[in-house]
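1. Build me a model from this:
(chains A, B, C and D)
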There are 2 protein chains.
Amino acid sequence: MKRDQSTEEKIKAAAKKVFMTKGFDGCSVRDIAKEVGSNVALLNYYFRSKEKLFELIFEGAMSDFLQSMIAVFSSDLSLKEKVEQLIDKEFSFFMEHPELPMFILQSLHQNKTNAPMPSQFLEPIANTGIFEQFEQAKANGEIRDVSIRNVTMLLMSNVHYPFMSKNLTKQFHGISTDQFEEDLKKHKEIVKELITNYLFISNPKA
Amino acid sequence: MKRDQSTEEKIKAAAKKVFMTKGFDGCSVRDIAKEVGSNVALLNYYFRSKEKLFELIFEGAMSDFLQSMIAVFSSDLSLKEKVEQLIDKEFSFFMEHPELPMFILQSLHQNKTNAPMPSQFLEPIANTGIFEQFEQAKANGEIRDVSIRNVTMLLMSNVHYPFMSKNLTKQFHGISTDQFEEDLKKHKEIVKELITNYLFISNPKA
DNA sequence: CCAAAATTTAAACATTTGTTTAATTTTTCC
DNA sequence: GGAAAAATTAAACAAATGTTTAAATTTTGG
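-> Numbers count the residues shown, from 1 in each chain, chains lettered A, B, ... in the order given. Here you go, the predicted model:
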């Protein structure tokens, strides 16, 4: 019957680490087995195949990826506060999971995941009521007449890209990791100011 | 002696196409040979190895990647005009080479290129005098007191990311390719306004 | 036209790949 | 304690990988 639960978890953790850094095509199941300190048969014993294991890791990553958004959207803050909090939270989240944006985008780019993104991921976001809050603010004249898709693109661009471009940016400017992280902090503040200034109409007296 | 020059070029073109879409690890040399309509021995006859061929393609891509910047920076426009032109030119460039940002960042992310980015790439940019023009504008009080690294991060984020996130974005919003490209156009205009508004100090009468 | 050089091909190579088999060890539960 | 179940291992499998060899074809230049 049941034995040591942690073996399955150890494999998942190792697979996550290896897939995240090297990508699906960039690693072998033996790489993962070595990371576990075991052999390849055990991986397939628990997860049937490399592909199945990858899908599991990918879905977990996608879930993490969206979770920090949902947490912010679910609060009862004003739209402006939500935007500011989102940027803050996403930055500190990706500071701890810097590989995540590249992993997600790369996997989707090469269609490593057959399933179209399950509504399981999107629905929770819709359920926060953020879309309605956004349209309401637009109707109230609090924010610009811009589509939520464009706001999303702005936010994602400025929050995800810096973590994906670490190597390019460091080489481009010839800077250290420390300097890069300093720049990252500054970037966050700029983006916050930039986006709120753009989106929210200055109301000298609403 | 010399024969049909176009064979070597055909291989490079095929390799570029395959590497760009599937990545170094995601394809085999036989994939490339099939794209050429030939066999694997010919690839190594011309390029010695898969790695050597990849490095060649990568360097060409990096060169393309930076070329459109250099063209804009070399002109004798004002800084504001350069920023606006840069955004326009980069967008139309990536519209025709949408795989490029992902290819470059992915390759650098997984260190598929051993060489630290050769100064051959960066020097031409420095030689345009754009850095001096930027510092001059800052000294003149025309623009904010912000590092050029942060401006670069802003520009790159907003120009590169949308092309990298096509699949994520389409799935996220459940939109068609046509709608996505519409959003892209709008994004470009937003980014132009956003960045120039942020960077350039409004001078009612300079 | 013809020998030498360059190009192209098919086949073989040694490894590595993902997966499976079968045997062994460990755990479970009466 | 011991049989059944679960977990783990080593070994083998066929297929795919990057590269090389050697032979065949085509081009070159006198």
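2. worst-scoring helix or strand of chain A, pLDDT-wise?
-> Lowest by mean pLDDT, DSSP states H and E among the helices and strands of chain A is helix A:119-126, with a mean of 84.
3. So is that one next to chain B?
-> Yes - under the criterion of C-beta under 8 Å from any C-beta of the partner chain, helix A:119-126 makes contact with chain B via A:Leu122. Just so you know, the C-beta spots here come from the backbone N, C-alpha and C atoms, and that holds for glycine as well.
4. any residues touching that helix, and which ones?
-> Residues from elsewhere that reach helix A:119-126, judged by C-beta atoms under 8 Å, 6 or more residues apart in numbering or on different chains: A:62-63, A:66, A:69-70, A:73, B:172, B:174.
5. buried ones in it?
-> Neighbour-count burial for helix A:119-126, counted by 16 or more other C-beta atoms under 10 Å in any protein chain shown, picks out A:121, A:124-125.
6. circling back: got a quick ChimeraX command for the buried subset of the contacts of helix A:119-126?
-> With 16+ other C-beta under 10 Å as the criterion, this ChimeraX line picks the buried residues out of the contacts of helix A:119-126:
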select /A:62,66,69,73 /B:172
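7. Let's verify A:Lys112: helix, strand, or coil?
-> coil (DSSP: H, G, I helix; E, B strand; the rest coil).
8. and it, how many neighbours?
-> By the criterion of other C-beta atoms under 10 Å in any protein chain shown, A:Lys112 has 18 neighbours.
9. check contacts around A:Glu193.
-> For A:Glu193, the residues meeting the contact criterion (C-beta under 8 Å, 6+ apart) are B:Tyr198.
10. the inter-axis angle of whichever strand or helix holds it versus helix B:177-199?
-> For A:Glu193, the enclosing helix or strand under DSSP states H and E is helix A:177-199. Computed by axes from the mean of the first three to the mean of the last three C-alpha atoms, to 10 degrees, the angle separating helix A:177-199 from helix B:177-199 equals 100 degrees.
11. in helix A:177-199, what counts as buried?
-> Neighbour-count burial for helix A:177-199 flags A:180, A:183-184, A:187-188, A:190-192, A:194-196, A:198-199 (criterion: 16+ other C-beta under 10 Å).
12. Can you give the domain ranges for chain A?
-> According to automatic domain parsing, chain A comprises the domains A:1-48, A:57-199.
13. from the buried residues of helix A:177-199, which single one is nearest B:Leu53?
-> Nearest to B:Leu53 among the buried residues of helix A:177-199, counting by C-beta to C-beta, is A:Phe180 at 31.0 Å.
14. Excluding chain neighbours, what is closest to that closest one?
-> Distances taken as C-beta to C-beta, 6 or more residues apart in numbering or on different chains put A:Lys170 closest to A:Phe180, at 5.4 Å, once the chain neighbours are dropped.
15. Kindly report the same for A:Phe131.
-> A:Phe131 sits nearest to A:Ile148 (C-beta to C-beta, 6+ apart), 6.3 Å away.
16. A:Glu132 is in contact with the one you found, correct?
-> No - applying C-beta atoms under 8 Å, one finds A:Ile148 not in contact with A:Glu132, separated by 10.5 Å.
17. Have a look at these two and say which one is more surrounded.
-> Legend: neighbour count by other C-beta under 10 Å for A:Ile148 and A:Glu132, higher for A:Ile148 (13 against 10).
18. got the CA coordinates for the helix holding A:Glu193 in CSV?
-> What follows is helix A:177-199, C-alpha atoms only, in CSV (Å, rounded to 0.1, in the frame of the first residue of the first chain):
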residue,chain,number,x,y,z
THR,A,177,24.0,40.5,-10.8
ASP,A,178,23.9,42.9,-7.9
GLN,A,179,23.7,45.9,-10.2
PHE,A,180,21.0,44.1,-12.2
GLU,A,181,18.9,43.6,-9.1
GLU,A,182,19.3,47.2,-8.2
ASP,A,183,18.0,48.2,-11.6
LEU,A,184,15.2,45.8,-11.2
LYS,A,185,14.0,47.6,-8.0
LYS,A,186,14.2,50.9,-9.7
HIS,A,187,12.3,49.5,-12.7
LYS,A,188,9.5,48.4,-10.5
GLU,A,189,9.0,51.9,-9.1
ILE,A,190,9.2,53.4,-12.6
VAL,A,191,6.6,51.0,-13.9
LYS,A,192,4.3,51.6,-11.0
GLU,A,193,4.4,55.4,-11.6
LEU,A,194,4.3,55.0,-15.4
ILE,A,195,1.3,52.8,-15.5
THR,A,196,-0.8,54.5,-12.9
ASN,A,197,0.0,57.9,-14.4
TYR,A,198,-1.1,56.7,-17.7
LEU,A,199,-4.2,54.7,-16.7
